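Engineer: no sequence for this one, just the structure:
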């Protein structure tokens with residue numbers, strides 16, 4: 001087990017910091033560390049994060065989580081801070097710890113600072129370490145880069161296969177939540193015509209009905225998460241019946257028609273394959 005610690009340094013090289021600015025930055029930092037902890041399955045509340053070890057000159061202090069964390073959570077928290085400060089367009093596939101919400105919150109930390117100011121985040125190996133193992137600097141310019149990456153979306157026409165989780169026809173616009181059977185996540189499905197509503201009601205009346213929701217899909221580039229779909233139509237998926245798998249037999253009669261197994265094995269072994 002271990003303790004999550006982060007050192008924060010503001011207004012580096014200068015004397016003090018305006019109280020209003022300090023208050024706003026600390027508020028954003030508090031929301032960031034709790035969001036990152038939540039990404040690591042460590043639920044915390046504000047009073048469980050304390051500030052201590054204050055230093056004069058530029059404002060520097062440590063924040064520490066009073067809730068005990070596993071060694072893995074401590075290591076991944078440090079990796080999450082590194083990920084947030086270093087995320088870029090060509091590193092999107094490497095983002096594996098921070099959620100979109102956490103990255104968006106991290107970018108807000110720089111809102112109160114001037115363009116020429118930095119906020120330094122230093123992390124520790126464990127609670128006994130006297131010196132940080134890494135320091136990451138964050139600026140307004142860097143924050144804008146993070147915001148642009150987090151908010152980037154793509155839209156395309158397509159379908160999502162799943163089961164209806166909830167229907168809210170009284171909302172504006174009306175929607176239903178679909179449990180995506182591929183990702184396991186819930187997708188917000190908006191619609192604006194009566195036929196889709198009737199088809200949704202029909203699906204709800206059929207036990208364990210699975211359906212295809214088709215329309216305009218918006219996906220967050222970061223994390224490849226579907227944000228919503230504007231449904232144009234839905235189709236119930238046919239139910240599997242015993243013996244359906246046998247219908248595939250003989251359906252591809254010409255597959256392998258000119259295929260010689262012995263010839264293939266001879267060529268494969270001749271090219272350095274299995275002996």
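Structural biologist: Structure received. It should be emphasised that the depicted structure is a prediction, and the values quoted were computed from it without experimental measurement.

Engineer: use CA for all of it now, contacts and neighbours both
Structural biologist: Will do.

Engineer: name the helices or strands packed onto the lengthiest helix in the chain?
Structural biologist: Longest helix in the chain, counting residues (DSSP state H): helix 19-39. Helices and strands touching helix 19-39, as assessed by 3 or more C-alpha pairs under 8 Å, 6 or more residues apart in numbering; DSSP states H and E, comprise helix 71-86, helix 100-108.

Engineer: got these as CSV, with distance to residue 174, mean neighbour count and mean pLDDT columns?
Structural biologist: Below are those laid out as CSV (distance: least, C-alpha to C-alpha, whole Å; neighbours: other C-alpha atoms under 10 Å; pLDDT from 0 to 100):
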stretch, distance to residue 174, mean neighbour count, mean pLDDT
helix 71-86, 35, 20, 91
helix 100-108, 25, 21, 93
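
Engineer: export those to CSV and tack on distance to residue 258?
Structural biologist: Supplementary listing: the helices and strands packed on helix 19-39 in CSV, determined by distance: least, C-alpha to C-alpha, whole Å:
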stretch, distance to residue 258
helix 71-86, 52
helix 100-108, 51
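
Engineer: I'd guessed residue 50 sits against residue 67; true?
Structural biologist: No - Residue 50 lies out of contact with residue 67 (C-alpha atoms under 8 Å); the separation is 10.6 Å.

Engineer: Please work out how many residues are found near the nearest residue to residue 59 once chain neighbours are set aside.
Structural biologist: Nearest residue to residue 59, sequence neighbours excluded (C-alpha to C-alpha, 6 or more residues apart in numbering): residue 10, at 5.1 Å. Number of residues near residue 10 (other C-alpha atoms under 10 Å) recorded here: 22.
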